[in-house]
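Enquirer: next comes the sequence, and after it the predicted model I'd like to discuss.
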Amino acid sequence: MTTLLSQAQFLRSASAENDFPNDIKAEIAFCGRSNAGKSSAINTLCRQNSLCRTSKTPGRTQLVNFFKLDGDTCLVDLPGYGYAKAPIKVQQQWQKLMEAYLMNRKQLCGIVLLMDIRHPLTEIDWTMIHWTHHNRLPLYILLTKADKVNRNHTAKTMTHVSAKLEQEGFEFGLQTFSATKQIGLSQAQNKIRAWLDSAMTSELEKKRPS
């Protein structure tokens, strides 16, 4: 079983928990600060230019967006946090929507956390890291916009982030990524496919008679 990311198609946008699709078996959610490049990353991973709406203005993803792959799997684009220029009430609504998804979505089998390689491990990133660890969810970290820095900066940041995670007792996957230059593309694709394939294999095994 091999999940084909290139088959991704927009399924729906959800503004409330009742809008989440019911016929999905496994999902990978993408989260991060509004300026971390989530939409661009999803487009690049799926080898499509306009699957996710991108903008020069951070914070344009205001709903939970579902993109269906082959079979019963999805990629999910969560609202960006920490930057969006929106009224406090609106931002609070986004936060509640994200919490409803993260806390209650049984189909969630992994989270991809995107952090700008120039500004990693912000306070709100740590909140997400601790939350996923507490809830025993697989987490994979992409240090995005790797094309914006030189090799020395990249090496230092990778070492710094790895050391900080280790100090906290976390053993999450970590890699550099660039949507523009496709740095780390195949590595990230392989991780996502492996998660989804594993989740779907588990679903099949549950259905087999004992």
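Expert: On my side now, so go ahead.
Enquirer: count the residues that sit near Ile117.
Expert: For Ile117, the neighbour count with other CB atoms under 10 Å is 22. To be clear about C-beta, it is placed using only N, CA and C from the backbone, and glycine gets the same treatment.
Enquirer: list phi and psi for it.
Expert: Ile117 adopts backbone torsions of phi -60, psi -20, taken as degrees, to the nearest 10.
Enquirer: list the residues that contact it.
Expert: Shown in contact with Ile117 (CB atoms under 8 Å, 6 or more residues apart in numbering): 143-146, 148-149, 153-154, 157, 176.
Enquirer: what's the farthest-apart pair in those residues?
Expert: Using CB to CB, the two most remote members of the contacts of Ile117 are Thr144 and His153, lying 13.7 Å apart.
Enquirer: mean confidence score for stretch 68-76?
Expert: For stretch 68-76, the mean pLDDT works out to 92.
Enquirer: with stretch 178-191 instead?
Expert: Averaging pLDDT along stretch 178-191 yields 97.
Enquirer: give me the distance from it to the chain's centre.
Expert: Centre-to-centre, stretch 178-191 and its host chain are 13 Å apart (CA atoms, centre = their mean, to the nearest Å).
Enquirer: next: stretch 163-182.
Expert: With CA atoms, centre = their mean as the basis, stretch 163-182 stands 13 Å off its chain's centre.
Enquirer: list the buried residues for that stretch?
Expert: 165, 170, 172, 174, 176-179 (16 or more other CB atoms under 10 Å).
Enquirer: could you point out the longest helix of this structure?
Expert: helix 185-207 (DSSP state H).
Enquirer: could you find the closest non-adjacent residue to Gln175?
Expert: Taking CB to CB, 6 or more residues apart in numbering, and ignoring the residues beside it in sequence, Gln175 has Gly184 as its nearest neighbour in space, at 5.0 Å.
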